[in-house]
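K.L.:
Quick one, structure for this:
(chains A and B)
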Amino acid sequence: MAAVVAASGIAVYASVEAHRVQVLVLAFGLAAVAVLGVGLTTAAPGTILAGLAGLAAAWSVSAWTRGSGAPGGTIFAAAALFGAAELAYWSLEQVSVADEPELAAQRLAGLAVRVTGVLLLGSVLLASLGLHAGGGVVLEAVGVAAAIGLLVLVVILARAGHETVER
Amino acid sequence: MKRHITVKLEAYVVLTAIGLLAALIFARPELALLSAPFAVTIALGLALARPPDVRAWVELDRERVLEDDEITLAVTLEARVGASRLELLVDVPTGLELVSGRNPLALRVGAGEERILTLRLRCARWGAYRFGDLHLRARDAAGLLTWEQTIARPATLRVYPRPEALRELVAPRETQLFTGNRVAREKGEGLEFADLRPFASGDRIRRINWRASARRGELWVNEFHAERNADVILFLDSFAEAQHAGHGTLDQAIRAAASLAERYLAGKDRVGLVNFGGVLNWLRPGTGMRQLYRIVEALLNTEITLSYAWKDIDILPRGTLPPKALVFALTPLLDDRAVRALLDLRARGFDLVVVEVSPVPFVEPPSGESGELAFRLWQLRRQARRLEYERAGALVVEWHEDTPLTAILEGVSASRRHAVARV
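P.N.:
This is a model prediction of the structure:
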């Protein structure tokens, strides 16, 4: 439920922040929220992923309507998206085994810390890379490095997924 | 422990990859920023993930209980390397119900921590249970990796059928040589008055019946019936059973057999068991608590095993069916082999009582005209079998699930007394 609320917040915020086609952004965002809701109801990880990707796309369309560069609200959108994703996958875990109240409280506190960390990270990234001012060589270099790094990571994880370590 | 990747890790990798690639393709920095938390979570989560080292074992407060008793199952967890989230599932066998405690449950176990979790279970059905596997699934702090471990068959539990309160037992027609609680036909040492006879040399003075002696003008002594034990063979037909919603004729028969064994053994009788079915199992007659445990253990292991092999009573070893024994058969009268074996026993002169554990309450009459006809034919066939026993001189009593066993036994005893009176 909290994941859907956070996702709805992103959808509405994206619509409010958009300079043009607000209705389209809102509709796109709410559609992503609906997909996320369906994913949570049916406990389908793939659908949840599609919902989260849709939300990111909705925010991106909103940012695109404002021209080049990342708007300042992206920090909050990133934190909300991350929070929604954490809550969504947390709720998936609860389908099989519910947490003890003590554990749930600890995890909630941990999530609050991580979301705060995301806000800080976003601020640092915006400030240090000057993304607010627009794109540029630095952004492209970061993007290329990250994309290559991720491809390597995907390959490593795909291998690790098949091998099991027995102790 | 086996390591697995979670769907969360897969999703985060995909989200990060899509976000960063889209940022690159569309030259949109906000997409890279949206992906950054996921990328950082993956990097930190995988770098900090440590395989947990958790030992777990299960202890039961009792290993032998009666049906409907409650037991406490203690699961001890000892962590050398802790787990942020540890899922624990005790594979509770069917027949045991969870009364209190959570199963499965998820908890946090810190390094060096020891935790004891208790589950209260009700033993709803008799049986020999081996607790299934104890499953552990630990997760790292970021929820990206899991480690799974299974501890196989950690404990065993024997749930004995709760004996029914029986007011009266079916008395065997013949007694044996050993001392017991049954009044024998023979005269000897005992308490039950049998007869009077003239005094003979060697008779004890305290046996003299002074009133009769005064009337007759010579010494007369009292004679008593000896008190002997009897042999009872519990004959359990396990060729086939009728079952519905977890209850069946075999359940009913086993409960009855356990109750009868307990009561006959308490009366110093020797009790044996013949488990006549797909798997043949027998116990020679014996007395005492050890024999009761042997019988109940044998009953717990009873199950219906499909077999087409023809079996008759000759395959039982000598001594399993002692002469003059009361054969107490518990059968649903569903299999011809058991029916024939019991008729064979009767033909050999055994004192036979057949309690027909009625399968009718467990059978749904089929719908349709032909179904109804088949059901009626089946019932008529059963009636014919009962008549066959009656012609052979064996008593057959039909026992329905809702009737207490003691009422059935009282009916059997009354019928046997009536039959003796007629003779």
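
K.L.:
OK, contacts around A:Leu123?
P.N.:
Let me fix one detail, which is that residue A:123 is Ser and not Leu. By C-beta atoms under 8 Å, 6 or more residues apart in numbering or on different chains, the residues touching A:Ser123 are A:Ile75. Bear in mind the C-beta positions are built from the backbone N, C-alpha and C, glycine included.

K.L.:
Is it in a helix, a strand, or coil?
P.N.:
Three-state call for A:Ser123 (DSSP: H, G, I helix; E, B strand; the rest coil): helix.

K.L.:
give me phi/psi at B:Val159?
P.N.:
When read as degrees, to the nearest 10, the backbone of B:Val159 gives phi -110, psi 110.

K.L.:
Check the gap between the closest residue to it other than its chain neighbours and B:Arg158 for me.
P.N.:
Spatial nearest neighbour of B:Val159, chain neighbours left out: B:Cys123 (4.2 Å); criterion: C-beta to C-beta, 6 or more residues apart in numbering or on different chains. Distance, B:Cys123 to B:Arg158, using C-beta to C-beta, to the nearest Å: 10 Å.

K.L.:
Settle it for me: which of these two has more neighbours?
P.N.:
Neighbour count, other C-beta atoms under 10 Å in any protein chain shown: between B:Cys123 and B:Arg158, B:Cys123 has more, with 23 against 17.

K.L.:
what is in contact with B:Cys123 and B:Arg158 at once?
P.N.:
Both B:Cys123 and B:Arg158 are contacted by B:Val65, under the criterion C-beta under 8 Å, 6+ apart.

K.L.:
The residue nearest to B:Val159 contacts B:Glu67, doesn't it?
P.N.:
Yes. Between B:Cys123 and B:Glu67 there is a contact under C-beta atoms under 8 Å: 5.9 Å.

K.L.:
any residues in contact with both of these two?
P.N.:
With C-beta under 8 Å, 6+ apart as the test, B:Cys123 and B:Glu67 both reach B:Val159.

K.L.:
Tell me which residues touch B:Pro285, please.
P.N.:
By C-beta under 8 Å, 6+ apart, the neighbours of B:Pro285 are B:231-233, B:270-272, B:322, B:325.

K.L.:
do that again at 10 Å, thanks
P.N.:
B:176, B:229-234, B:264, B:269-273, B:291, B:319-322, B:325 (C-beta atoms under 10 Å, 6 or more residues apart in numbering or on different chains).

K.L.:
Kindly report the same for B:Arg50.
P.N.:
B:Arg50 makes contact with B:81-83, B:111, B:140-141, B:145, B:147, according to C-beta under 10 Å, 6+ apart.

K.L.:
just to revisit the earlier point, which ones are touching the residue nearest to B:Val159?
P.N.:
B:Cys123 makes contacts with B:62, B:65-71, B:95-97, B:129, B:157-160, B:162, as judged by C-beta under 10 Å, 6+ apart.

K.L.:
still on that earlier bit, filter the contacts of B:Pro285 down to just the ones in helices.
P.N.:
B:264, B:291 (DSSP state H).

K.L.:
Report the buried members of the contacts of B:Pro285.
P.N.:
The neighbour count (16 or more other C-beta atoms under 10 Å in any protein chain shown) marks B:176, B:229-234, B:264, B:269-273, B:291, B:320-321, B:325 as buried among the contacts of B:Pro285.

K.L.:
Could you pick out which of those are located in strands?
P.N.:
For those, membership in strands holds for B:231-234, B:270-273, with DSSP state E as the criterion.

K.L.:
Between the residues you listed, which sits nearest chain A?
P.N.:
B:Leu273 (44.3 Å; C-beta to the nearest C-beta).

K.L.:
thinking that closest one is in contact with B:Leu280, fair?
P.N.:
No. With contacts counted by C-beta atoms under 10 Å, B:Leu273 stays clear of B:Leu280, the gap being 11.3 Å.

K.L.:
Could you list the alpha-carbon positions for stretch A:95-103 in CSV?
P.N.:
Taking C-alpha atoms only, stretch A:95-103 is exported to CSV below (Å, rounded to 0.1, in the frame of the first residue of the first chain):
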residue,chain,number,x,y,z
VAL,A,95,3.6,-13.1,0.8
SER,A,96,5.6,-16.2,1.8
VAL,A,97,6.6,-15.3,5.4
ALA,A,98,5.5,-12.3,7.4
ASP,A,99,8.2,-10.5,9.4
GLU,A,100,8.1,-10.5,13.2
PRO,A,101,7.0,-7.0,14.4
GLU,A,102,10.4,-6.4,15.9
LEU,A,103,12.1,-7.2,12.5
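
K.L.:
Distance from the chain centre to it, please.
P.N.:
The chain centroid and the centroid of stretch A:95-103 are separated by 24 Å under C-alpha atoms, centre = their mean, to the nearest Å.

K.L.:
can you tell if that stretch touches chain B?
P.N.:
Yes. Using C-beta under 10 Å from any C-beta of the partner chain, stretch A:95-103 reaches chain B at A:96-100, A:102-103.

K.L.:
From those, which shows the smallest pLDDT?
P.N.:
Among the residues of stretch A:95-103 next to chain B, A:Ser96 carries the weakest pLDDT, at 79.

K.L.:
doesn't B:Pro104 make contact with that residue?
P.N.:
Yes. Counting by C-beta under 10 Å, A:Ser96 does reach B:Pro104; the two are 7.4 Å apart.

K.L.:
Can you check which residues contact both of these two?
P.N.:
Common contacts of A:Ser96 and B:Pro104 (C-beta under 10 Å, 6+ apart): B:87, B:89, B:137.

K.L.:
And the residue of the stretch 301-423 of chain B that's closest to chain A?
P.N.:
For the stretch 301-423 of chain B, C-beta to the nearest C-beta, closest residue to chain A: B:Glu303, 32.5 Å.

K.L.:
sorry, back to before: export the ones in strands among the buried ones among the contacts of B:Pro285 to a markdown table and tack on distance to chain A?
P.N.:
Formatted as a markdown table, those follow (distance: C-beta to the nearest C-beta, whole Å):
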| residue | distance to chain A |
| --- | --- |
| B:Asp231 | 56 |
| B:Val232 | 51 |
| B:Ile233 | 51 |
| B:Leu234 | 46 |
| B:Arg270 | 53 |
| B:Val271 | 48 |
| B:Gly272 | 49 |
| B:Leu273 | 44 |
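
K.L.:
Quick check: of these, which lies closest to A:Ala43?
P.N.:
When those are ranked by distance to A:Ala43 (C-beta to C-beta), B:Leu273 comes first, at 51.1 Å.

K.L.:
check contacts around the closest one.
P.N.:
Contacts of B:Leu273 by C-beta under 10 Å, 6+ apart are B:232-236, B:257, B:261, B:281-286, B:291, B:294-296, B:298-299, B:302, B:320.

K.L.:
Just the ones of the residues you listed in strands?
P.N.:
Among these, the residues falling in strands (DSSP E) are B:232-236, B:281-286.

K.L.:
Following element in sequence after the strand ranked longest in chain B, please.
P.N.:
Scanning chain B for the strand with the most residues, using DSSP E, yields strand B:179-198. Using DSSP states H and E, the helix or strand that follows strand B:179-198 towards the C-terminus is helix B:210-216.

K.L.:
helices or strands next to that following helix in the packing?
P.N.:
With contacts taken as 3 or more C-beta pairs under 10 Å, 6 or more residues apart in numbering or on different chains; DSSP states H and E, helix B:210-216 sits against strand B:179-198, strand B:220-228.

K.L.:
So for the last one, what gets flagged as buried?
P.N.:
Spelled out, that is strand B:220-228. Buried, per 16+ other C-beta under 10 Å, within strand B:220-228: B:220-221, B:223-228.
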